[in-house]
Each structure stands twice: as C-alpha cells, then as structure tokens.
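Engineer: Sequence and computational prediction follow.
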Amino acid sequence: MHAPAQPGAGASVASAPAHREDIDWLRAIAVLAVIGFHFEAPAIFGGFVGVDIFFVISGYLITGIIAAEMAKGQFSFAGFYERRVRRLLPALYVMVAFAAIPASWDMLSSERAELFRSAMAVVTFTSNIFFWQQSGYFDHAAVEKPLLHTWSLAVEEQLYLVLPVVIWGVLRIARGRRLALPVTLLLAAGSFALGLMLMRGGASAGAFFLSPPRAWEFLLGSLVAVSGLPAPRAGLVQRSARVVSLLLMAIPILSLRPGPGFPGVNALAPCVGAALFLWSGVGVANVPRSLLSPLSVAAFIGRISYSLYLWHWPLFVFARFAKPGLALDGWERAVLFGLTVALATLSWRFIEQPFRKRQLATTPRAAFGLAALASIVLLAGSATGLLRAGATSDADRTAQHLDSYNGYDMKPVYRYGSCFTTSDGRVPEDCLRPVTGKTNVLLWGDSFAAHYYHGLRTHLDPNAVNIMQATQPTCMPTFSAETQGVPACRALAAQMRDYLAANRPDLVVMSADWLEDARPPRFAGMVRDLRLTLARLSEAGIPVVLLGPAVQFRARLPSMLARATLRGVTPDPAAFVRSDIFALDQAMQAALPSAEGLSYVSILSAACLQRSCPLMAGDVPLSFDHAHLTAEGSVHLMSKVAPLILPRAMLSGSVQQPDDRAHQAGGERARDD
C-alpha cells in the first residue's frame, strides 16, 4: 500500500481539479488507519482497510490522468511510466537499503536471508507473490518481516503494467465515456468474483496478496473517473454524500477484525466509501485556512503519506526487536509515531520532491537510467547479503532452536479435531464418557482449558482418574449461549447444558482466556455469566474448580527468548509477562461467589512465586505463542496446580506437593476432599 499516483508536472485530470486537497485528506485517513492498526492504537481494529482506500484513489487518479491527456492528445506511455518511476522508486529504494542495516544484530540468520530475498522481490515488483508464499498478512510471523508492507506496492506496480493499457484501449475505442463505463464495470465485477472464488476455495491469502483479485478496487476508482456523473449539488446533497462516505470507511476501520474473511465482501464498504468521497469532492474548491487547522494538518499528512507508509513498518518491527518483551508501551508507540512523521517528512522533502520536480534526474532518460542502476545495485547487494546470511553462531543456533517453537504443532497435545476444535462446536461422546469406578473429571472451556489436558493427564493417576474434555476455541465455559457470539460456542453451550443435566461428573474444571473474556467493558458480563452457570452446577450438586487467568506474555514467548539470546541478554520474567493478569486474578477472586462446592485456584499464585513466572520448561519454552502451553509447559504448570485440584491419593508419583507458602499464596477457596 502506498500513497497513490498523482498528476505529474503540468498534468490535469479531466474529472477533477489539477490538485484536490480533499484527496490529501483521504490519503491521511488511509495512512493513519494503517499505522494505527500496525501500532496497535486503541479501537483501530480494521485499519488495514486503508490499503484498499489507497487502491481506489490510485485507480481514480491514473484513469483521470490518462483520460485528460488523451483528450488533449498528449498521452504517452513513456511519460506515464516516467512519472511512476519518479513517484515510487526513489523513496522505496532508500527505505529498503536502510532496512538492511539493523538486520545484522536484530535478526536470526534465517530472517536475514528472508529479508534479502524480500528485498530482491521488491526490486522485481514481486513482493506480493513472495509474501503470499511465505505467510498470511495477519499471521504471527508477519510482525517480524520488515518489508512485508511492500506487498501492496507490488500489486500497484503490477497493475500499472496492465491497467493503463486497458484504460487507454477502452477510451480510445469508446471515443468517450459511453462504452468505457460498462467495460470498466464488467472488468471490476470479474476481478471481484475472482476474489470471492479464491476465498470460498480456501485460498484467502491469494485473494489478499495477488493483483488480479485486487484489481476491482482500482477499477472502482476508475469508474468514478469515467462515469461522467455530474458533481453533487453543493450544499445538503454534497455534505450528505461526504458524511455517508466517511461512515462507510470509519465503520470497518473501527470494527472489522483481521482474518481470512478479508478482502471479499468485507472490503466493499471502505472501497465504496472511498469512491463516494472522491465523487462528492468533484468541483470543490480548495479553501484557504491556517497552517495549524485540522484540515491543513490532514492535508500535510496526506502529502507525505507515501513516505509515512514506507517508513512506519520497518521502524515498528525493529523497535519491537529492541525491546526484551517484543512489545511497545503506549508512550513508546507515540514516540515512534512522532519519529515516523519526522523521518517521512525528511523523505518527502529531500527524496520524493527533488525527483518528482525534476531537480534530480532532469530528463526521462536520466530517470530510467538511474532507476535501472539503483535496481542493479540493490539486487547485487541483496544477493551478497543473502550469501553472507548463512553464517551462524552458537547464539544464533540457540535462538533458532527457540524460534522453531513458533511453528509448534499443538494438535496432538490439545486433542485437536476431537475434544478440541470440531466443525460444529460439539464434542464427540467419547470425550464425555465417564468410567465407572474412577473419579470423573470434566475439563471445560476454550483453548486455555485444552492446554492443561496433557499436564493433568501426566500428573493424575490413570487408575484413579478419568479426564473428560469439552473445549472449543474462544468459548467461555458457561450455559449462557446467548452471550456466545460464535455459532460453535452456542453449540457447545447447548451440549453442556444437556450433558450436565443428565450426568453428574465428580468434578468440573473450568478454564478460559479470562483476559480476553473480561476485556473492558465485559468484566461484569463475564462474572454474571459465570455466576449463573456456577449456581446451576451447585444446585445439581456438581463440585467445580475454576482455574484463574493463565500465564500470558507480552508477545510470542519463543520469539522473545530468541531475541534475548541473540543480544546476549538474560530473559527477565518481569519484562516478558503481562502485568494485567495479576490484577485480573485478584478481581476474579473478589467477584466470584464464595460457596460450597466451588474452589478458585490461582494459576499465577501456584506457578509465579512473587510474580516471577517461569519462561521455560526444561529446555522448551513454556508457551509456543503468547500464552498457549507446550506439552512440557503444561506438565510443568500442572505439577504445581494438580495438587490443588484433587487429593494426593489421586496424583501420580511424579507430581510434587506444594509447600505451605505456595498453597497460601494460591488464593484458592479449597473444598474438602
């Protein structure tokens, strides 16, 4: 994604003034949305749609440029591509060169190799294909790829090779707008349909990264440029159109969540909103205002939006690498944003402007020649870096071992596909079958319940205890199906209502991602649902152990441990562990009822002596991501927790009994066994 094409010197757009300040405002909305999403700003959940907004602007502007120049008999492909070279390559190449500098001390050898391969993909306009083959845009590894954001540049560059020819051909054959509109609309519909087909066929990453299923977003901007629609009537009609356009963009920016359901239908609202914004500004004159007015600031942000986009992501990636916990505090992100704006301003002033205003490379031949030379230099430098990236030190090998747990296969440990993560949300009968003559324990909840199964099975005597499991991702263990926003969760809640009405396990162990379930303002609702469920279990005479918040880390634990190893730093649990889990633990203990048959067991008090939580289970990271336990991590934690759940006679010989201090610190309301 980047700030879209703009008219070159002396160029005009047939359907718009030579320069529309409101398009700078739209650019500002788009780039701030993307940066807000990447910098984890509050409530900017769908800021990634800023890319789509930019695509619409690009289609509108390049189509308008071509139409205007053709109308004057001045259009040439050489002139068009010269402007693209001047607009895109100088700042991009400088950013790529600087991104390679910190790679030698902040990245694993495998990551350095990937960085140089991605740099070569940038130069050859194929980085979208490169990252499509590597991982999804929203995958955990994405945050460790300094050049990931260049995928959208490759999409634009690829479409710049095709769409100008198509637009030129359509306009030339149409000799006006009558044929241009239906042809453009047909092409856009075909591209959109292709994206839907890919997504329904399980190829969401292809729909996201590849240019053909993204072309409709450019063509939507082209439709505005060739539609011939008159400018909206000044006054109420125009203001209403602009308000609607802003709402269409704001709603997904503030509410859309990342995932495989994008782009597709979810991209329609921001794209239609951008197109409506462009149309509603046709014929609007630029209004003089003070330099510090909000609209003037927005216009400036829009002008530097290309450099802002180029620099914000590598700065964010390497700033994270510099932190032991791989997470930036709010004030650190604010400072980083200020640094990004300052660096982008310098890039715009001293790199973008001189090339675009022909102060450097004054002739077309010089511009193309310098671009070719810079491309060769970057390719050669990347190839050299790729050859040298293979050398590994002992620290690098240790870090790579730790980092390998980012790809940990949790499926057999969590009983994936049977007692955890099923297609309809219900678990098979085998997962809930009691065994006569044994203590039947039901483990109920989401993935934060499933990750305790392996450790419990290890530490509970199989001759005395039968562990049943009913777990689904994101599903809180309550009967209140109406509060479960996911169909699978509603199905599991209904199944558990029926099961526990007909069966009486000896013990129900409940656990979930309480930190997510209690995210403001949902704490009171979470407690209310738990109270209702606990009351029904108590009425049925079923004892319950509710496990408190899990150990959660500020980022993926294997990545944090790997970075610490690379820098020769001793990992500090205080820097790695989220501090808010301790406050939530205390709040849950205070809010839940103190009743017979209920035992609240604090995982944190049992495992984290004086708030110092374990990071490793032997030579294996405790978690393979920010919280979910490895098999070894589950065994380690349950060695502390299992004695607080069941009596000593039901434990295997490997479990260690907690000492009195740990038991008192647990904050549990233990039931008598």
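Structural biologist: The structure has been received and is ready for your questions. Residues are numbered from 1 along each chain as shown.

Engineer: Ignoring the adjacent residues along the chain, who's closest to residue 469?
Structural biologist: Using C-beta to C-beta, 6 or more residues apart in numbering and skipping residues adjacent in sequence, the residue nearest residue 469 is residue 419, 3.9 Å away. Every C-beta, even on glycine, is put in place using the N, C-alpha and C of the backbone.

Engineer: oh, I was asking about residue 166
Structural biologist: residue 187 (7.2 Å).

Engineer: now swap in residue 449 and tell me
Structural biologist: Of all residues not flanking residue 449 in the chain, residue 511 sits nearest, at 4.0 Å (C-beta to C-beta, 6+ apart).

Engineer: gap between residue 228 and residue 282?
Structural biologist: According to C-beta to C-beta, to the nearest Å, residue 228 stands 11 Å off from residue 282.

Engineer: Neighbour count: the two, which is higher?
Structural biologist: Set residue 228 next to residue 282 and count neighbours by other C-beta atoms under 10 Å: residue 282 wins out with 18 against 11.

Engineer: ok, the more buried one touching residue 231?
Structural biologist: Yes. Between residue 282 and residue 231 there is a contact at 4.1 Å, judged by C-beta atoms under 8 Å.

Engineer: and the residue nearest to residue 469, how many neighbours?
Structural biologist: 22.

Engineer: what's the answer for residue 205, then?
Structural biologist: By other C-beta under 10 Å, neighbour count at residue 205 equals 20.

Engineer: Quick check: what element follows the helix or strand harbouring it along the chain?
Structural biologist: Assigned by DSSP states H and E, residue 205 belongs to helix 204-209. Tracing the chain past helix 204-209, the next element assigned as helix or strand by DSSP H and E is helix 215-226.

Engineer: Put the alpha carbons of that following helix into CSV.
Structural biologist: Provided in CSV are the C-alpha atoms of helix 215-226 (Å, rounded to 0.1, in the frame of the first residue of the first chain):
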residue,chain,number,x,y,z
ALA,A,215,-7.9,-5.1,-9.5
TRP,A,216,-11.6,-4.3,-8.8
GLU,A,217,-10.6,-1.8,-6.1
PHE,A,218,-8.5,0.2,-8.6
LEU,A,219,-11.3,-0.1,-11.2
LEU,A,220,-13.8,1.2,-8.7
GLY,A,221,-11.8,4.4,-8.7
SER,A,222,-11.7,4.3,-12.5
LEU,A,223,-15.5,4.0,-12.6
VAL,A,224,-15.7,7.3,-10.7
ALA,A,225,-13.3,8.9,-13.2
VAL,A,226,-15.1,7.6,-16.4
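
Engineer: Which other helices and strands does that helix contact?
Structural biologist: Secondary-structure packing of helix 215-226 (3 or more C-beta pairs under 8 Å, 6 or more residues apart in numbering; DSSP states H and E): helix 50-72, helix 151-174, helix 180-200, helix 268-280.

Engineer: List of residues touching the third one?
Structural biologist: To tie it back to what came earlier, the one meant is helix 180-200. The contact list for helix 180-200, computed with C-beta atoms under 8 Å, 6 or more residues apart in numbering, reads 166, 170-171, 174, 204, 206-207, 212-216, 219-220, 222-223, 226-228, 260-261, 263-265.

Engineer: And the buried ones among those, selectable in ChimeraX?
Structural biologist: To isolate the buried members of the contacts of helix 180-200 in ChimeraX, using 16 or more other C-beta atoms under 10 Å:
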select :166,170,171,174,204,206,207,212,213,214,215,216,219,220,222,223,226,227,263,264
